[in-house]
Structure formats: structure tokens, C-alpha cells
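# mind looking at a prediction? Sequence and model below.
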Amino acid sequence: MIQAENLTKRFGRLTAVDRLNLSIPRGEIFGLLGPNGAGKTTTIRMLTTLAKITEGRAMIHGFDVSRAPIQVKRVIGVAPQGLNLEIELTAEENLEYHGRLHRMPRRERRRRISELLRFSDLEAKRKVPVDRFSGGMKRRLLIARALMHRPRILFLDEPTVGLDPQIRRKIWGLIEELKSQGITVLLTTHYIEEAEALCEKVGILRKGKLIALDSPARLKENVGAYAVECNNKNGCEIHFCRTREEAVAYAGRLQIDVTIRHTNLEDVFLQLTGEKIHE
Amino acid sequence: MIRQPGFYTIFWREMLSIRKKFVKFFAGSLVMPALYLVTFGWGLGRGMNVQGLDYLVFVLPGIIALSAMNNSFSGVAITLNISKLYYRTIEEILVSPVGPWSIAFGRALAGCFKGLFSAGLLIGISFYLHVQITYTLSFFLILFLTCFVFASLGVLAAMLARSHEYMTNFTNFVILPMAFLSGTFFPPDRLPEPFPTLIMIYPLTHAALSLRSIVAGEGIPWVSFTVLLLYAGVLFFLGGKAVGRLEL
Ligand SMILES: Nc1ncnc2c1ncn2[C@@H]1O[C@H](COP(=O)(O)OP(=O)(O)OP(=O)(O)O)[C@@H](O)[C@H]1O
Ligand SMILES: [Mg+2]
């Protein structure tokens, strides 16, 4: 469904995305995880035809992104990081406009609008101009809009950035529902929990390079399933253990208070780079 | 099943905006032409004769051309530039299957609408003031062509703009001089050489010349018409190309 071979983007001397290789099968929810400036948005922009590919190539649904952009655009839905809704238009009009851009017939547009307003729980806001929406409502409408023309592949750039946990869960629910419809999802995030909760596979991106690519469980296993965390004056030290017993034994040998917990993707990133995702 | 072509959706979107803010749009289209009319028509030119015509009859086609230019240019350039640099709503179009030529054409048509609308208001005022002008089909043909030239220029300028200042500068250095020098308010031959020759480069000069000639019953001056047609073709071509090359 989505394939990238040595996908590269340079802005002058800066290499924002560096020889990325990806292969995402149909129906998978794939997450690109990485700190600010890692190249997540740039990757999505190349895959969605918005940014020219400097080197390498990308295939979407069997179409070459550089050579057949129109065919690619027909099968993808995009919810960008910035909320680019038409704020003077209502929820309904935003969807209508999108449907027209994709040349959907009128009756189909009508049906789909009702369906999506229900899906995103925005029925009550049907006739309300978007500039009166809260951040969470806008984000939901953005996803609904991207789904309007029934794309097979959905790109979500930071779908829950800046939202409170409750709304975030709601959006996770929406994304999970898509999986049952066989839609392939590529999402980016710098929230650890989001990648773990939603994604079957995660690619960890740092300074434009893919430094790990696997299921969250496997990534964590490779580091060690358990983390022993001890707080000392200099901050926090983490020791990874394969098994629970090993972790308990290690903790027992220490003279200070420790926490034993499951490893998370933050630990994976730390282990791979020696840095934290959020400093 | 009728599926509207891509350019129509772009045009439809702009019309939706106009419908939503009609009062603002109406007033906005009226202010500048009305001010020009009051300043040059009454304030300056009352009782004056130019080329054997009452000044108001002389100046009105010029003001109509000017107003058509202003409204179709800024009607495209400003909103398109904001949608590109600020709201990023243009990306919603760019990830849809609507191609660059349709985007350019839809926007240009919306610009034409805005230009024609303001021209229409002026024509309405001229009826009200009993200015002795008969508007013919060729008058409106030239008017439309003028609008298309400047709406296309608006597309091009918005695509080239890297900042909001760019737009202000473009207006100051390109649009404003053209507005005043193109023989809109006075016959070009009043200027010393080489100005009368130089300003022939301006499309607005040809718009004003053509409209004036039509009003005087002398028909369409074919040289000016050809120049306008060339401008329309070239600017639209460059505008469409620029949309296709756009990368934010
Ligand atoms: N149009 C551009 N021109 C020049 N440099 C750019 C451009 N767009 C992005 N960059 C640079 O490319 C790098 C990757 O940016 P990108 O937006 O892809 O990161 P990101 O992973 O999406 O970060 P964030 O989490 O902050 O959204 C950054 O160093 C950024 O400054
Ligand atoms: Mg980003």
C-alpha cells in the first residue's frame, strides 16, 4: 500500500529526511514516532505529493507519487498537522467542499456528510462555522474531512497534538474504527502512549533517519521488557532487564528506592539514541 | 450524473464566501470606485471638457477599467495569498485531484466576477447620474477580458509571494503606478514623451483606450484588443505554471 525506497528530502544543505525505507501493508496502522524536527511532517508531505521528492521514490496504492500524483491523490486522505479547515465555512460546508473537490456525486456527498458527522460526533455542529469550534472538534472534523471521499490510505499528522487526554482517547477510538474498514493509516506522533495504543508497527525517526522499525512489543522486547528506574540526585537512571525476576534481583541489590515498570517506547528511544524524545 | 469540473468547485468556493459576507463584499466593491468618481468626476472635473467630451463621460470608462482591475486583482491575490501563507487551505486543494490549471482558472473566474461586479456598480451609478453612455456588448467583452488579465495576474502574484509584504510591494510598485499612469484619468498624450509610448506596455492603458473608443462609438481598437488577449494568455499561462510548481 505504501512503499518508500530511499526516500530523501533536502532543503538546501539540510537533509530533513534521509534515505527512508518503508513498506506498509494494507489495513495497517503505522506510526512514525520522533521528536520535533525529526522529519515526520516532511515525510508525509512527500508521500502526499505536497513536497517534491529530492531522491528515491514512493509508491502509494501502486502509483508512483512523483509520476502519477493525480491517481495518488484520488486514493489518499490527508489530515495535516496544522488545522487547515475553512474557518468561515460550517462543518457541513467543509465536507461538502471536500466532496466536490473529489468530484463526488451530489447524493453520495449528502449521505457521506451525515455519516461522517455522526462518526466524528459533530452532528450538533453541522451548521456552525468552524471558527467557533474547540481544538478537539476541529481535529475531529479534519479527520472526517480527510475520510470524505472514502480514501484507502489515510495520513494523519499529529492527530492529537495539544488535546487533553479525554479527547485524545476519543480520537484514538475513531482511528481504531478505521482499521475495521480496511483503511491503511500512517500517523505521526511524538506521544509515546499514542504510538503504543494505536500502532501495529512503529518507525522511530531521528534527524531524518529511521533508526528502528518494528511492532511496539518487539521494540520493547529488544531493549528488555522491564525497566528498573532509580531516582538519585543526578536525575534518573534506568536499567533494563529481560525478565521480571531479573529486575527484582537487580532492584534488590540497590540501596536506594527504585521503581520497577514495563518498558515503553520512550525507553526504546533513549536506548537507541541516548536522548529522550521530550527533553 | 453530472459531476462539476474542478475549476467550478474552486469558483463555487469563492462564491460561497461572497454570499456569506455579501454586505461587506458589496460595500468593499463600492468604496474605491465611488471615491474615484467623486474625486475625479465631480471634485476635479466638473464642467471640464476633455477630447470634446464632458469630463465625466471621458473619465468614467477609465474608472470602470481601473475598478475592474483593482477588484479582480486584489480579489484573487489577497485571498489566495492568505490561503497559501496563513490558513494553508490551499493544501486541501493541492492534495485533491483538482489540477493546477483548474485551480488557476477557477480562481481567475472568481476574480472576474469580483471585477465585473464593481464595474457593474459603477455602471449602475452612471445610470443614476444620467451620464450619457451606452454600454454595448463589445464594452462588456473588453471589460471581461480586462478582469481576466488582472485576475490571472493576481494568481501569479499570489503564487510568487513569499510573504505578506511581497503583496503590498507588488501593489505599490506595479498596480498603483499602472492605476494612475494608464490614461485612466486623462488622455495619455497629455504626458511628455516618452511616457505616452512607455505606458503602452500597461494592459490597463489598452483597457481604458478600448472602453473609451467603444463608448465613443468607434468600436474595438484591434491593436489594444490583441494586446489584452496576449496579456490574458501569457499571465494565465504563467499563473497556472506557478500553481503547478508551488511547494510550501
Ligand atoms: N520548507 C522548509 N524549508 C526548510 N526547512 C524545512 C522546511 N520544512 C521543514 N524543514 C526542516 O526539516 C526538518 C524536519 O521538519 P519536519 O517538519 O518534517 O519535522 P517534524 O518531525 O514534523 O517535527 P514536529 O514534531 O515539530 O512537527 C526540520 O529541521 C525543519 O526545520
Ligand atoms: Mg510535524
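Alright, I've got the coordinates. Ligands and ions are numbered 1, 2, ... in the order given.
# from ligand 2, how far off is the closest residue in space to residue B:96 that isn't next to it in sequence?
For residue B:96, the nearest residue in space outside its immediate sequence neighbours is residue A:101; the separation is 3.8 Å by Cβ to Cβ, 6 or more residues apart in numbering or on different chains. To be clear about C-beta, it is placed using only N, CA and C from the backbone, and glycine gets the same treatment. Between residue A:101 and ligand 2 the distance, using Cβ to the ion, to the nearest Å, works out to 24 Å.
# can you say which helix or strand has the residue nearest to residue B:238 when sequence neighbours are not counted in it?
Setting aside the residues directly before and after it, residue B:238 is nearest to residue B:156 in space (Cβ to Cβ, 6+ apart), at 5.2 Å. Using DSSP states H and E, residue B:156 sits in helix B:137-160.
# same check, this time on residue A:250
Assigned by DSSP H and E, residue A:250 belongs to helix A:244-253.
# for the helix or strand just after that helix, name the packing helices and strands.
Per DSSP H and E, the first helix or strand lying C-terminal to helix A:244-253 is strand A:258-262. Using 3 or more Cβ pairs under 8 Å, 6 or more residues apart in numbering or on different chains; DSSP states H and E, the elements in contact with strand A:258-262 are strand A:226-232, helix A:244-253.
# what mean pLDDT does the helix holding residue B:156 have?
pLDDT averaged over helix B:137-160 equals 97, rounded to a whole number.
# just checking, what packs against it?
Secondary structure elements in contact with helix B:137-160, counted by 3+ Cβ pairs under 8 Å, 6+ apart, are helix B:55-85, helix B:100-128, helix B:164-170, helix B:203-215, helix B:222-245.
# chain center to that helix, what's the gap?
Averaging C-alpha coordinates over helix B:137-160 and over its chain gives two centres that are 5 Å apart (Cα atoms, centre = their mean, to the nearest Å).
# what angle do it and helix B:55-85 make?
What separates the directions of helix B:137-160 and helix B:55-85 is an angle of 30 degrees, with axes from the mean of the first three to the mean of the last three Cα atoms, to 10 degrees.
# show me where the stretch 151-279 of chain A has strands.
In the stretch 151-279 of chain A, the segments counted as strands under DSSP state E, counting those that start in this stretch are A:153-157, A:184-189, A:201-206, A:209-214, A:226-232, A:235-241, A:258-262.
# what would those strands look like in TSV with mean pLDDT?
Conversion of the strands of the stretch 151-279 of chain A to TSV gives the following (pLDDT from 0 to 100):
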stretch	mean pLDDT
strand A:153-157	97
strand A:184-189	95
strand A:201-206	94
strand A:209-214	94
strand A:226-232	81
strand A:235-241	79
strand A:258-262	86
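# what does chain B have sitting close to chain A?
B:1, B:3-4, B:6, B:9, B:12-13, B:16-17, B:20-21, B:87-89, B:91-99, B:247-248 (Cβ under 8 Å from any Cβ of the partner chain).
# recalculate using a threshold of 6 Å.
Chain B has residues B:1, B:3, B:9, B:13, B:88-89, B:91-92, B:95-98, B:247 near chain A, with proximity defined as Cβ under 6 Å from any Cβ of the partner chain.
# which residues does residue B:33 contact?
Going by Cβ atoms under 6 Å, 6 or more residues apart in numbering or on different chains, residue B:33 touches B:67, B:118, B:122.
# closest to ligand 2 out of these?
The shortest approach to ligand 2 among the contacts of residue B:33 belongs to residue B:118, at 41.6 Å (Cβ to the ion).
# follow-up on the earlier one: of the helices and strands packed on strand A:258-262, which is nearest ligand 1?
Distances from ligand 1 to each of the helices and strands packed on strand A:258-262 were compared using Cβ to the nearest ligand atom; the minimum, 24.8 Å, belongs to strand A:226-232.
# that older thread, most surrounded residue in the contacts of residue B:33?
In terms of neighbour count, residue B:118 stands highest of the contacts of residue B:33 at 29 neighbours, by other Cβ atoms under 10 Å in any protein chain shown.
# whichever residue of chain B sits closest to ligand 1 - how many residues pack around it?
Across chain B, no residue is closer to ligand 1 than residue B:248, which sits at 6.9 Å (Cβ to the nearest ligand atom). For residue B:248, the tally of surrounding residues (other Cβ under 10 Å) stands at 11.
# between the helices and strands packed on strand A:258-262, which one is closest to chain B.
Ranking the helices and strands packed on strand A:258-262 by distance to chain B, with Cβ to the nearest Cβ as the measure, places strand A:226-232 first at 40.3 Å.
# so in that sheet, which strands flank that closest one, and in what orientation?
Next to strand A:226-232 in the sheet, as set by DSSP bridges, lie strand A:235-241 (antiparallel), strand A:258-262 (antiparallel).
# relative to helix A:244-253, how tilted is that strand?
With the same axes, to 10 degrees applied, the angle from strand A:226-232 to helix A:244-253 works out at 20 degrees.
# which of the residues in strand A:226-232 are buried?
A:226-228, A:230 (16 or more other Cβ atoms under 10 Å in any protein chain shown).
# so how far is that strand off the chain centroid?
Averaged over its C-alpha atoms, strand A:226-232 has a centre that lies 29 Å from its chain's centre (Cα atoms, centre = their mean).
# quick one: contacts of the host helix or strand of residue A:30?
In this structure, residue A:30 is located in strand A:29-33 according to DSSP H and E. The list of residues contacting strand A:29-33 from outside it, by Cβ under 6 Å, 6+ apart, reads A:24, A:40, A:179, A:185-189, A:195, A:198-205.
# shaky segments in the stretch 1-150 of chain A?
Within the stretch 1-150 of chain A, no stretch falls below the threshold (pLDDT under 70).
# and what about the residue of it at minimum distance from ligand 2, helix, strand or coil?
Ranked by Cβ to the ion, the top residue of the stretch 1-150 of chain A for proximity to ligand 2 is residue A:41, at 3.1 Å. In the three-state summary, residue A:41 is assigned as helix, counting by DSSP: H, G, I helix; E, B strand; the rest coil.
# what's around it, how many residues?
As a burial measure, the neighbour count of residue A:41 was computed by other Cβ under 10 Å and equals 20.
# can you tell me how far it is from ligand 1?
When Cβ to the nearest ligand atom, to the nearest Å is applied, the distance between residue A:41 and ligand 1 equals 3 Å.
# so who does that residue touch?
Residues touching residue A:41, when contacts are defined by Cβ under 6 Å, 6+ apart, comprise A:81, A:157.
# check contacts around residue B:167.
Applying Cβ under 6 Å, 6+ apart, the residues near residue B:167 are B:81, B:161.
# buried stuff in the helix holding residue A:250?
The neighbour-count criterion (16+ other Cβ under 10 Å) identifies A:246-247, A:250-251 as the buried residues of helix A:244-253.
# and stretch A:23-32, by the same measure?
Of the residues in stretch A:23-32, those scored as buried under the neighbour-count criterion (16+ other Cβ under 10 Å) are A:24, A:27-32.
# before we move on, back to that, distance to ligand 1 added to the buried residues of strand A:226-232, as CSV?
CSV is the format used below for the buried residues of strand A:226-232 (distance: Cβ to the nearest ligand atom, whole Å):
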residue, distance to ligand 1
A:226, 29
A:227, 25
A:228, 30
A:230, 30
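# possible to save those residues as JSON lines with distance to residue A:255?
Listed next are the buried residues of strand A:226-232 as JSON lines, based on distance: Cβ to Cβ, whole Å:
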{"residue": "A:226", "distance to residue A:255": "20"}
{"residue": "A:227", "distance to residue A:255": "19"}
{"residue": "A:228", "distance to residue A:255": "13"}
{"residue": "A:230", "distance to residue A:255": "10"}
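# between the residues you listed, which is nearest residue A:3?
In terms of Cβ to Cβ, no member of those lies closer to residue A:3 than residue A:227, at 34.5 Å.
# ok, the nearest residue to the closest one once chain neighbours are set aside to ligand 1 distance?
In this structure, residue A:227 finds its nearest non-sequential neighbour in residue A:263, 4.9 Å apart by Cβ to Cβ, 6+ apart. Remark: distance between residue A:263 and ligand 1 (Cβ to the nearest ligand atom) = 23 Å.
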